[in-house]
Every structure is written in C-alpha cells, then in structure tokens.
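In: okay, here's the prediction I keep looking at, along with the sequence it came from:
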Amino acid sequence: MKPFLTGMLAVIVLGAQTPVKNREFEALQAHFEKVIGERSAQLFKGITNVKQWQERKQSTRRQLEKMLWHDMKWPDTPPAATVTHRSEHPRYTIENLVIETAPKLFVTANLYLPRTGPKPFPVVLYQCGHVNKRLAVRHGAWFAANGIAALVMDNIEMGEVEFTHHGVYSNAWFHWYSRGFSPLAVELLNARRVVDYLTTRPDLDRNRIGATGRSGGGVTTFYLAALDERIKASAPVSGAFSTNGWVKQRLTFAHCDCQYPVNSYGLLYSEIGALTAPRAQLLCNADADRGFPMDAFNEMAGKMKEIYGLYKADEALRVSVTPGGHSDTETIRLPVYSFFLKELLGKNTPVTSEGPVDEPGAEELVCYRHGLPLDERLTRIDEELIAPRPVRKRSVNELRSVLRTEVFRYYPAKAAPLQPQWGEPTNVQGRRIQSVQFTSFEGLRVKGIYSLPANVAPTSRLPALVLVDHRRGIPVWGNEQPLERNQWKDRAVLVIETLDRGSRALEQNLRSFADNDALHHMKRQAMIAGTTLESMQVYEILRSLELVRSLPNVDPTKITILGRGEMGIGGMYAALLDGGVQRVILDSPPASHREGPHYLGVLRYTDIPETAALLAGKLGVYGEAPDALRRAAFCGSLQACLQDRK
C-alpha cells in the first residue's frame with residue numbers, strides 16, 4: 001500500500017503544479033469568441049442612413065423589451081408615491097419617497113430639490129449601483145445645490161427591501177435563464193416607472209430629465225437611455241463596454257446578473273447603446289478599471305459613433321476617461337457634473353472641483369420609518385415579474401416554430417459540414433464497433449461510438465438508436481460501462497458525448513463550485529452569447545441525427561433517441577425540432593425546466609410536461625418519472641420502451 005499512496009501523492013502534487021488546460025473548454029471559448037467577433041464586425045453592415053437605422057432601432061428595442069418583460073402590459077397611469085419624511089438643508093430639501101412601481105413592488109428613493117432657482121427644475125435620476133442610496137448622497141446634494149433636482153433611487157439588492165442580483169452568479173439559479181428572468185428587468189421597470197412619476201410633478205421639468213449612475217447604476221442608466229426617449233441626456237459611469245471585449249477577455253466572472261437581460265436575441269452592448277442616438281450621452285470610464293477595460297470600452301464607443309454619425313450628431317456622444325480604478329471618486333464625478341450643467345441648464349463651464357458638499361446623515365434618508373411592508377413582492381419577484389404562462393393548446397408545428405424563433409435562435413442558419421472522422425472498426429461481443437467524431441457548431445466536435453451487429457449484411461437497413469450519454473468526465477470510480485456493448489440486437493446504435501458530457505467535460509474537478517469556477521462562468525457567458533450549454537447539446541443531437549441518416553445500414557424512418565435525466569429532455573426537444581424521429585425514450589426525466597435543462601426563456605412558452613404531451617404518441621418513459629410523464633407514456637423498462645408500438 002505504501003508505494004501506491006506515494007505514487008498517488010506524487011500525481012496529486014504534480015497535477016497541482018502543472019494543471020492541464022481543458023481542450024474542450026478552450027474550444028468552446030474559441031467558438032464564442034468567433035461568434036461574437038463576427039457578430040460585432042457585421043453589426044451595422046448595410047445601414048447607411050437614418051431611415052434604415054430607425055427601422056432597425058425599432059426592431060432592436062422591441063427585442064430588448066421582450067427579453068426584459070416578455071409581453072407585460074405597461075401601466076397607463078403614473079405610480080403611487082408616498083412622501084414618508086422631509087428634511088431641510090440650507091440649499092436643498094430632501095423628500096423620502098416610497099414609489100409603488102407595480103402592484104406591491106416598491107422602490108425607495110430620496111428626491112433632492114433645490115431651495116432656490118426657477119421652477120420647474122431639471123432633474124437627474126441617479127441609479128445606485130451595488131450600494132445603498134446613503135452612499136450616493138454627494139451626487140444628490142451637489143446637483144440640488146447647483147440648481148438640478150436629483151432623485152437617488154435604491155437598487156433592489158442593497159435598498160431597504162432587498163432581492164439579490166447574484167442568483168445565477170452566486171447561487172447557480174440557472175432556472176432564471178429558463179424563466180427569462182434577469183434582475184436588470186426589475187431595475188429598469190423601477191427606473192422607467194420612476195420617470196413616469198417625475199413627469200407628473202409640477203416642480204420638475206419633464207423635458208429636462210437626465211440619468212446617471214456608476215457601476216451597476218451605470219449599466220441601468222445605459223439601458224434606460226436606450227429604452228426611454230424621455231431621457232434627454234445620460235451619463236453611464238463604469239457600466240458598459242463591448243460584448244466582444246467581454247467574451248475575449250473572459251470577464252463574466254467580474255460581473256453580476258444585472259449586466260444583461262436573458263439574451264435570447266444575442267444583442268451586443270454596442271447596438272443597445274446605439275438606440276440612444278442622437279440624444280446626448282457621456283460615456284465615462286476609469287483607465288485602470290479591470291472590470292471595464294479601456295480597449296473594450298473604446299471599441300463600444302467607436303461602434304456607437306457609427307450610428308451617431310448617421311444623424312450628424314457626433315458631438316452628442318462624448319467620452320470621458322479619468323485615472324483610477326472602479327471607485328466613486330471626485331475625479332470621475334466632475335465630468336458628469338459638467339455634462340449635466342451644460343445639457344440641462346445650458347452652462348458650458350467645466351466643473352473643476354466639487355467644493356464643500358453639505359451631506360445629509362444616513363438617518364435622514366430612511367424611507368420606511370416604521371418597519372418594512374409584509375405584502376411586498378420584491379423578495380419573490382423572480383417568480384412573479386412575468387405573468388404565469390396561460391394554458392394554451394398548441395400543435396407540434398406551432399410549438400416547433402415558436403421554439404426555433406424565440407428559444408433556440410442561436411443555431412446557425414447554415415450548418416457546418418459534418419466532416420466525420422472514423423476510427424478503425426473492431427468486433428466485440430457480437431458487435432462491430434467504431435469511434436467517430438463530427439462537427440456540430442463550427443470549432444466543436446461531437447464524439448461518438450457507432451456499433452452494428454457484427455454479421456450485418458451490406459444492404460441491410462436497420463432501425464437506429466441515438467443514445468445521448470448523460471455521464472460527465474472520464475470515469476474512474478465505476479460509471480464506465482461500455483454502452484455500445486449492450487444487447488442492442490438488430491439496431492444500429494450511436495452513443496454520443498455532447499458538450500460537457502463524457503470525455504468532453506469542460507472541467508477536470510467535477511465536485512467543485514465557487515464564484516470563480518471557470519465552468520460556472522462559461523455557462524453565464526453562453527447566455528451573453530445568446531444560448532445555454534444545454535441548448536447547444538440539443539443542436540448536437542440534431543447533428544447526430546443528420547449523421548445517422550447518412551449511414552448506409554440505417555433506416556432513416558426508424559430512429560429512436562434515448563437519454564437519461566436532462567439529456568433525455570434534450571433528446572425530446574431535438575425530436576420536436578427535427579420532426580422525423582420515430583421514438584423518444586426518457587429515463588428518469590426531470591419534472592420541469594425549473595430543475596433543468598435550461599434553455600433561454602423556455603418557460604415563457606412551454607414546460608416539460610406540455611412538450612411531452614405533444615409527443616405522447618412517440619414517447620416512452622421509465623425509471624423515476626414525475627406523475628405527469630408517468631401517466632402519459634410510462635412503459636416500465638428500457639426493454640419495454642424499445643419495443644415497436646403496434
């Protein structure tokens with residue numbers, strides 16, 4: 001035993017010193033870089049005048065709104081607002097507000113109003129990033145002391161009533177992707193409704209509304225200006241940079257779930273920012289901010305300038321770069337002050353110093369002064385923001401169409417050539433076995449084992465089985481049964497390893513999870529690109545069907561897909577999209593996409609039991625199965641499920 005242990009320790013130490021780079025992970029990273037790079041390069045191709053851009057602008061804005069809120073009906077009345085406290089300072093007054101932006105959804109805010117000057121006042125909406133409004137007092141106090149009202153609103157993560165921005169980031173709540181939920185949607189709902197409120201106040205000028213914020217508040221400012229034409233001028237600070245830079249520099253780990261909607265339409269920051277044109281915007285960044293690198297910031301600004309140029313409004317898009325890192329310094333605030341003095345008051349004098357600022361105490365800013373509301377919805381908003389899907393009976397063709405256009409949009413319009421590479425055949429236990437690799441997405445290769453009865457005649461056409469292997473990693477402690485050697489009888493069988501399965505696992509240590517886990521953030525990066533790893537697995541199953549149908553000993557009309565757990569559900573959706581699969585067999589499937597597999601926004605349109613019901617005539621279920629699937633298609637065992645139905 002002693003030599004064995006010594007050897008094992010040597011392997012462990014050596015592995016720690018020289019970690020092996022995961023080839024599959026790097027291939028997937030290269031794939032995303034290529035896809036986003038090409039999308040960025042072609043972003044505004046063919047748009048040469050304002051009319052063309054206006055058409056694109058309306059389409060892009062509709063897509064953005066749909067990703068954020070699906071088909072939510074926007075209220076046609078301003079939100080209810082309650083002033084819970086007032087405090088007076090020599091140069092400004094503070095009103096503490098609770099604004100009901102949607103039924104039982106409340107935002108807390110402080111409205112800083114100048115004590116002197118002509119009314120109605122211009123107003124700046126300051127959206128707090130990952131800080132409470134008490135840490136943004138210098139912004140509110142300075143603006144109000146200089147003739148501009150400022151409403152400083154809490155974000156949902158660090159306000160008086162709290163809900164996380166980090167559901168996927170920290171808790172791996174990937175069901176948010178299936179729901180189509182992002183905390184950004186709540187932040188922007190609150191911000192737009194706050195603008196609705198500001199326009200009702202007679203002491204504020206509805207035609208002079210600005211917006212700013214830093215970090216998380218910078219990104220919500222960036223989106224708010226893109227969505228809402230009432231924002232006359234905006235200054236997002238350290239909030240956005242090119243999606244191309246995001247992917248190439250692997251910056252997903254640096255940013256929380258509030259940075260993007262669930263991006264089923266694959267929008268890039270540059271085109272979202274271009275929606276603001278030709279209105280005034282100051283893009284601010286710090287030159288040593290590692291989360292918002294300057295090359296990616298400049299790339300985004302350059303792309304946006306292409307659209308501003310169509311309006312001959314190049315000067316309306318300005319850039320300010322200050323020294324320092326990711327922090328709220330006087331240096332980074334000064335150009336923002338100068339910008340709004342010019343845009344909202346017509347004063348073209350640069351601000352070179354804040355000077356003394358009369359900051360209110362933290363106790364002055366509390367909006368809920370007698371406890372927090374029991375009936376609030378924020379703490380369950382991920383479940384309630386988008387109304388429950390209405391019960392609707394769809395045909396297979398209708399569901400196939402909506403899934404292709406809304407959920408599985410990432411798939412290439414033109415498939416790459418399969419280019420199969422075959423290993424040398426061997427005969428084992430009565431079957432002729434051959435390894436194969438073939439292209440799914442460009443740069444990615446499915447691995448498989450293909451087997452036939454050893455004595456099959458060259459002209460025979462056999463029923464085929466595509467077995468989607470659910471196992472992950474290179475087996476060490478068991479879990480290594482060679483599935484191709486099962487008693488498949490007269491079937492042609494292709495066992496496939498899709499993305500992140502089998503030897504294509506994207507990480508070496510399958511037991512780990514942490515905020516800096518590379519695979520975890522690769523899954524988040526996939527969403528930024530417009531897909532999920534599970535959606536990509538479905539496409540790889542579709543490519544596997546294409547390969548199988550091309551093989552000489554296969555009857556293309558008699559193909560069965562088999563998979564366990566989430567991989568079986570992936571097979572079910574592949575069969576739905578394909579339309580030509582004879583049978584789908586699910587081994588111990590999950591009950592809902594809330595558990596997985598996760599496809600972007602799928603729960604807005606269907607769930608596993610509904611999809612299974614549409615395929616009931618083709619479906620077989622065995623193992624541990626939810627009641628809805630047991631009632632629909634339970635056949636008890638794999639052998640029973642494989643039998644042809646009469």
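Out: Thanks, I have it.

In: for the stretch 401-550 of the chain, which segments are assigned as helices?
Out: 518-529, 533-549 (DSSP state H, counting those that start in this stretch).

In: what's the most buried one of these?
Out: Comparing those by mean neighbour count (mean count of other Cβ atoms under 10 Å), helix 533-549 comes out on top with a mean of 23. All C-beta spots, glycine's among them, are computed from the backbone N, C-alpha and C.

In: so which of the helices of the stretch 401-550 of the chain is nearest residue 437?
Out: Nearest of those to residue 437, taken as Cβ to Cβ: helix 533-549 at 10.3 Å.

In: mind giving me the packing neighbours of the helix or strand just after that closest one?
Out: Once helix 533-549 ends, the next helix or strand along the chain (criterion: DSSP states H and E) is strand 554-564. Counting contacts by 3 or more Cβ pairs under 8 Å, 6 or more residues apart in numbering; DSSP states H and E, strand 554-564 is packed against strand 462-468, helix 533-549, helix 566-578, strand 583-587.

In: pLDDT on the next helix-or-strand element following the last one, on average?
Out: What it means is strand 583-587. Sequence-wise, the next helix or strand downstream of strand 583-587 (DSSP H and E) is helix 608-614. Averaging pLDDT along helix 608-614 gives 94.

In: measure the nearest residue to residue 182 once chain neighbours are set aside to residue 181 for me?
Out: Distances taken as Cβ to Cβ, 6 or more residues apart in numbering place residue 261 nearest to residue 182, at 4.9 Å, with adjacent residues excluded. Counting by Cβ to Cβ, to the nearest Å, the gap from residue 261 to residue 181 is 9 Å.

In: okay, now the domains of the chain?
Out: Structurally, the chain divides into domains by automatic domain parsing as follows: 56-383, 396-475+483-642.

In: can you redo these as a markdown table with distance to residue 22?
Out: Shown next, in a markdown table, are those (distance: least, Cβ to Cβ, whole Å):
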| stretch | distance to residue 22 |
| --- | --- |
| domain 56-383 | 14 |
| domain 396-475+483-642 | 6 |
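
In: looking at those domains, which is closest to residue 28?
Out: domain 396-475+483-642 (6.6 Å).

In: thinking again about what came up before, worst average pLDDT in the domains of the chain?
Out: If you rank the domains of the chain by mean pLDDT, domain 396-475+483-642 sits at the bottom with a mean of 94.

In: report the distance from it to the chain centre.
Out: Counting by Cα atoms, centre = their mean, to the nearest Å, domain 396-475+483-642 is centred 23 Å from the centre of its parent chain.

In: swap in stretch 361-379?
Out: Averaging C-alpha positions (Cα atoms, centre = their mean) puts stretch 361-379 30 Å from its chain's average.

In: ditto for stretch 213-226
Out: Using Cα atoms, centre = their mean, the offset of stretch 213-226 from its chain centre is 17 Å.

In: including distance to residue 469, could the helices of the stretch 401-550 of the chain go into a markdown table?
Out: Listed next are those as a markdown table, based on distance: least, Cβ to Cβ, whole Å:
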| stretch | distance to residue 469 |
| --- | --- |
| helix 518-529 | 18 |
| helix 533-549 | 11 |
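
In: between these, which gets nearest to residue 593?
Out: helix 533-549 (9.5 Å).

In: contacting residues around residue 528?
Out: 243, 246, 247, 252, 260, 263 (Cβ atoms under 8 Å, 6 or more residues apart in numbering).

In: make that residue 78, sorry
Out: 196, 197, 199, 200.

In: mind redoing it with 6 Å?
Out: Going by Cβ atoms under 6 Å, 6 or more residues apart in numbering, residue 78 touches 196, 197, 200.

In: filter those to the buried ones?
Out: Those of those that meet the buried threshold are 196, 197, by 16 or more other Cβ atoms under 10 Å.

In: so which of the contacts of residue 78 belong to helices?
Out: Applying DSSP state H to the contacts of residue 78, the entries found in helices are 196, 197.

In: between the contacts of residue 528, which is nearest residue 532?
Out: Nearest member of the contacts of residue 528 to residue 532, counting by Cβ to Cβ, is residue 263, at 10.6 Å.

In: which SSE is that closest one in?
Out: With DSSP H and E as the criterion, residue 263 is inside neither a helix nor a strand.

In: and it, its phi and psi?
Out: Residue 263 adopts backbone torsions of phi -90, psi 60, taken as degrees, to the nearest 10.

In: number of nearby residues for it?
Out: Per other Cβ atoms under 10 Å, the neighbour tally for residue 263 reads 23.
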